[in-house]
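Q: Just to be clear, the model below is a prediction. Sequence and coordinates:
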Amino acid sequence: MITTLYIEELKASMRGRFAWLGAAVILFALGGLATVGTQDTWLDGFGMIAYGLVPMAFIPLAAGFIAGPRANRFVESVFTAPVERRDWLVARVLVLMTFAVAYYVALLPMLVVYTSHVGLPFLLGRFLLWTPGILLACIAVGTLIGVMFIGRSVGAPAATGMGVLLLCLGMVPLQELMVARGNGATRSGHLALSSPAVLLKNALGFTLVAGSIPSTTTLTWIGFFIVVVGAFALAGWIFLRAQGVETWEATSSQRWGIRVGIAMLVLLPATLADTNYDTPAPPANNAPAGRGGFGRGGGALAMVSTGRQLPRRCCGPLLNRETSALGTDETNRRDLLVLLPVDAADHVDGLNVRIAGESGLTVQTDGVQALETHEFTNDAGPALPDGRHLANGWVARVPVILTPTKPWDIGGNRYPLTVTATYQVSEGPESKTRTLNARGAVGAQVPGAIYQMGIVSAFLPLLCLGAAISRWRRTR
Amino acid sequence: MIEYAIETDGLTRRFGDFVAVDGVSLRIPKGHLYGFLGLNGAGKTTTIRMLTTLLPPSGGTTKLWGHDVAKEPLAVRGLVGLVSDETSESQSTWTAREYLGYFARIRRMKDADDHVEKILNDVGLDARFRGKPIGNYSTGMKRRVEIARALMGHPKVLFLDEPTRGLDLPAKRDMWNLLRRLAATENVTTFLSSHDAQEIRSLCSEISVIANGKLIYTGATSELGADLDTFEEKLIELLTQQGRTA
């Protein structure tokens, strides 16, 4: 009977006026995000949203889905047919789980594009386990919320689900922040563990930004298990033992049991879970360890397209921020401009520039092509030893061929490079040898990934759109 | 020996301190078209919801075709069909075929699609509209779909809760004819709840009148008057007396 009910409920769930259209819009939005994400931070941006945030939306979805048939009185028709209430509830939950699986599968095409280029980084591997866990926990919590509301509107359960979603979601950055500040084991730190997403994140041993993870996870797993099994069990017990088809039939002791049960679901995992944040968090991917070091500083290097002049906005640590990113595994011709801290009034001789790429960046150069003077405005020129900024100085133009290899992300790869320039400066009758050491980075992305991601991510939403149009034409 | 489709003894339902149905005892023979009259809030719907397993009774016993409603709800559900006034509205984006197909399949009926078409023919829903969303139907068409749903699985007892509320006069007449035809051809016991005296008088040979949760009259419809005016006057007298007593 459960199978028949499951199939019928599954078919029925896609008969809503906007069911297929809604699915198409959600998948288009996710696909668009995945496509844009190829230009930078796919894993941090798209990954966090698609694998963490959207699955949590199953809390209000499940709450509305379970409460809906009672709100619109459809249950009156169902339960005057020979249907067991237990079978119906199981079928509804199975339909929700099918939605969850469908969502997970809908992310696969984008995952395939990503992993085909950069493999499976640690964080994505953990996301792949995190998402089904979140989906399961959110369906359990949403089902409990949905069962609790008997009324003529799905507004109340959906809004409650949304509130719980925001709470669970907000706990993720809060817990990361508290761990980063060393407050992960405080009472507030424990409270943050009432979110199933945080519990599972700790249990799987990864972080999003914090530097440490708990050294043990057994109690965290138990806490997560309590949330999932407890929420399902309590929802089932309330639905079958404390309620009628559309009425609360709970005795006084049952009411107390429900209150205590809900309190336990919130407090037990938060109290139990491990908070010994003593183990360094594993790196999210194979990015060079120093990538954060390019956030500030620089000023002696710039990169332009061949033959172009030094840009007005100059010169950040990411050398090609103002121009297009380099393509990985292909040769990229650029002019590297080395801003020598030498006044244009002085004479520069014997200039030699050596460039070394790191983290898989190979750099070929035939040496300095030209030595040019450049007028700097607004103190944008290189700083002199006495602190002054050059107003008019020498710039060495070095044509380079850059080949970023072994990308660790589909976009936003930052390859460090070190430039060492030695030169002689003639100041009056004297000539001094100077050395300039400068570090910068070039941004690179997998070429063509944006098109591949765009195409594969459009397939499923188009299919949903087709289904929506087909149903509309069939029933108009 | 008379065989009863519905037997209740002291059927009671409380909501907190409020007694919605108070010790109702009914005996309705099989195959009868039985009327259940009362004002708004008298306890008609609550009684029907208990008889159809939708609401657990607070007291008393109820048997439907010999099955205890509280102890054997699944067996009872296999015997009943319920037409209430709003339920088809709940799935306004489904087509009539989809709506009835759902119930045919959860009742595990063989050749569900053929059965749906046959039952839609029986209730007289125009074939042109069967593939259109129920939300686009007129009130009369929606009521036909509901009756078709209630007849799915050949119920032994059909409960009709205000089946013609909101219908215009021609649609109401159509509905009455349909109910008479079903009673004659399907031989189901029909329990018709309404506060429309004319409807009850036209359709039912026996009635019960409920007020403030208690039965105040059970007997032949004709005993309350030979014409509609007398029937209504007697009915008002009964209800007024009960109001004074309460």
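A: Now that the structure is in, tell me what you want to look at.
Q: Burial check on B:Val21, number of neighbours?
A: Close neighbours of B:Val21, defined as other Cβ atoms under 10 Å in any protein chain shown, add up to 29. All C-beta spots, glycine's among them, are computed from the backbone N, C-alpha and C.
Q: what comes up buried for the one helix or strand it maps to?
A: Assessed by DSSP states H and E, B:Val21 sits inside strand B:18-29. Using 16 or more other Cβ atoms under 10 Å in any protein chain shown as the test for burial, strand B:18-29 gives B:19-22, B:24, B:26, B:28.
Q: Please tell me how far B:Arg128 sits from A:Asp40.
A: 56 Å (Cβ to Cβ, to the nearest Å).
Q: hmm, back to that, just give me the closest of the buried residues of strand B:18-29 to chain A.
A: B:Ala20 (11.1 Å; Cβ to the nearest Cβ).
Q: didn't that closest one look like it was pressed against B:Thr46?
A: Yes - between B:Ala20 and B:Thr46 a contact is recorded at 4.5 Å, counting by Cβ atoms under 8 Å.
Q: Who does the spatially most central residue of chain B form a beta bridge with?
A: The centre of chain B sits closest to B:Leu160, judged by Cα atoms, centre = their mean, with a distance of 1.8 Å. Note on B:Leu160: beta-bridge partners by DSSP bridges are B:Val83, B:Leu192.
Q: Show the contacting residues for A:Val266.
A: When contacts are counted by Cβ atoms under 8 Å, 6 or more residues apart in numbering or on different chains, A:Val266 is found next to A:Ser194.
Q: hang on, it in a helix?
A: Yes - according to DSSP: H, G, I helix; E, B strand; the rest coil, A:Val266 belongs to a helix.
Q: Distance of it relative to A:Phe232?
A: The spacing between A:Val266 and A:Phe232, counted by Cβ to Cβ, is 16 Å.
Q: and for stretch B:144-155, what are the contacting residues?
A: Identification of contacts with stretch B:144-155 by Cβ under 8 Å, 6+ apart yields A:77, A:80-82, B:78-84, B:87-88, B:96, B:99-100, B:103-104, B:107, B:109, B:115-116, B:119-120, B:122-125, B:134, B:137, B:158-160, B:163, B:175, B:178-179, B:182, B:186, B:188.
Q: make it 6 Å
A: With contacts defined as Cβ atoms under 6 Å, 6 or more residues apart in numbering or on different chains, stretch B:144-155 is touched by B:80-83, B:88, B:96, B:100, B:103-104, B:107, B:119-120, B:123, B:125, B:158.
Q: Out of those, flag the one nearest to chain A.
A: Looking across those and measuring by Cβ to the nearest Cβ, the closest to chain A is B:Leu82, at 4.3 Å.
Q: Please report the number of neighbouring residues for the closest one.
A: 27.
Q: Contact partners for it?
A: Per Cβ under 6 Å, 6+ apart, neighbours of B:Leu82: A:80, B:52, B:150, B:159.
Q: Can you flag which of those belong to strands?
A: The strands, defined by DSSP state E, take in B:Phe159 from the contacts of B:Leu82.
Q: now the contacts of B:Leu82 as a markdown table including neighbour count?
A: Below are those laid out as a markdown table (neighbours: other Cβ atoms under 10 Å in any protein chain shown):
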| residue | neighbour count |
| --- | --- |
| A:Thr80 | 28 |
| B:Thr52 | 26 |
| B:Ala150 | 27 |
| B:Phe159 | 26 |
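Q: Determine which two of the contacts of B:Leu82 are furthest apart.
A: For the contacts of B:Leu82, the maximum inter-member distance is 10.2 Å, found between B:Thr52 and B:Ala150 (Cβ to Cβ).
Q: Distance check, A:Leu371 against A:Val304.
A: As judged by Cβ to Cβ, A:Leu371 and A:Val304 stand 16 Å apart.
Q: whoops, A:Gly47 was the one
A: In terms of Cβ to Cβ, A:Gly47 sits 33 Å off from A:Val304.
Q: In terms of neighbours, single out the busier of these two.
A: A:Gly47 (25 against 19).
Q: Would you agree that one falls within a helix?
A: Yes - assignment of A:Gly47 by three-state DSSP places it within a helix.
Q: tell me the SS of the closest residue to it other than its chain neighbours?
A: The spatial neighbour of A:Gly47 that comes closest, neighbours along the chain excluded (Cβ to Cβ, 6 or more residues apart in numbering or on different chains), is A:Phe127 at 5.6 Å. Using three-state DSSP, the three-state assignment for A:Phe127 comes out as helix.
Q: do the same with the one 5 residues further on
A: Using three-state DSSP, the structure places A:Pro132 in helix.
Q: One more: A:Arg152?
A: Applying three-state DSSP: A:Arg152 is coil.
Q: ok, it - contacts?
A: A:Ala71.
Q: what number of residues lie near B:Asp161?
A: Neighbours of B:Asp161 (other Cβ under 10 Å): 23.
Q: my guess is it meets B:Thr47, correct?
A: No - taking contacts as Cβ atoms under 6 Å, B:Asp161 lies outside contact range of B:Thr47: 9.7 Å.
Q: and A:Met453, that one's in a helix?
A: Yes - using three-state DSSP, the secondary structure at A:Met453 is a helix.
Q: was I right about it contacting A:Val113?
A: Yes - using Cβ under 6 Å, A:Met453 is in contact with A:Val113, at 5.2 Å.
Q: For the two, work out which one has more neighbours and name it.
A: In this view A:Met453 and A:Val113 are compared by other Cβ under 10 Å, and A:Met453 has more residues nearby, 29 against 24.
Q: Which residue comes closest to that one once chain neighbours are left out?
A: That would be A:Thr35: by Cβ to Cβ, 6+ apart, it lies 4.6 Å from A:Met453.
Q: Show the subsequent helix or strand relative to the host helix or strand of the one you found.
A: Using DSSP H and E, A:Thr35 sits in helix A:19-37. Downstream of helix A:19-37, the next assigned helix or strand under DSSP H and E is helix A:48.
Q: residues making contact with that following helix?
A: With Cβ under 6 Å, 6+ apart, helix A:48 has no contacts at all.
Q: again with stretch A:303-313
A: Here stretch A:303-313 has contacts from A:302, A:319-320, A:322, A:333-337, A:374, using Cβ under 6 Å, 6+ apart.
Q: Chain B: strands as residue ranges?
A: For chain B, applying DSSP E gives strands covering B:4-15, B:18-29, B:33-38, B:59-64, B:67-68, B:80-83, B:157-161, B:189-194, B:206-211, B:214-220.
Q: Run through the strands of the stretch 301-450 of chain A in chain order.
A: For the stretch 301-450 of chain A, strands defined by DSSP state E, counting those that start in this stretch occupy the ranges A:301-304, A:326-327, A:332-343, A:347-357, A:361-365, A:370-375, A:392-404, A:413-427, A:430-445.
Q: Which of those strands sits closest to A:Gly257?
A: So among the strands of the stretch 301-450 of chain A, strand A:413-427 is nearest, using Cβ to Cβ, at 55.2 Å.
Q: average pLDDT across that closest one?
A: Strand A:413-427 shows a mean pLDDT of 89 in the predicted model.
Q: just stretch A:202-220 next, same as before
A: 94.
Q: Just the buried residues of it, please?
A: Residues A:202-208, A:210, A:212-214, A:217, A:219-220 are the ones in stretch A:202-220 that count as buried (16+ other Cβ under 10 Å).
Q: about what we covered before: and the buried residues of strand B:18-29 as TSV, adding pLDDT and distance to A:Val446?
A: TSV is the format used below for those (pLDDT from 0 to 100; distance: Cβ to Cβ, whole Å):
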residue	pLDDT	distance to A:Val446
B:Val19	94	73
B:Ala20	94	69
B:Val21	95	71
B:Asp22	94	76
B:Val24	94	75
B:Leu26	93	77
B:Ile28	93	76
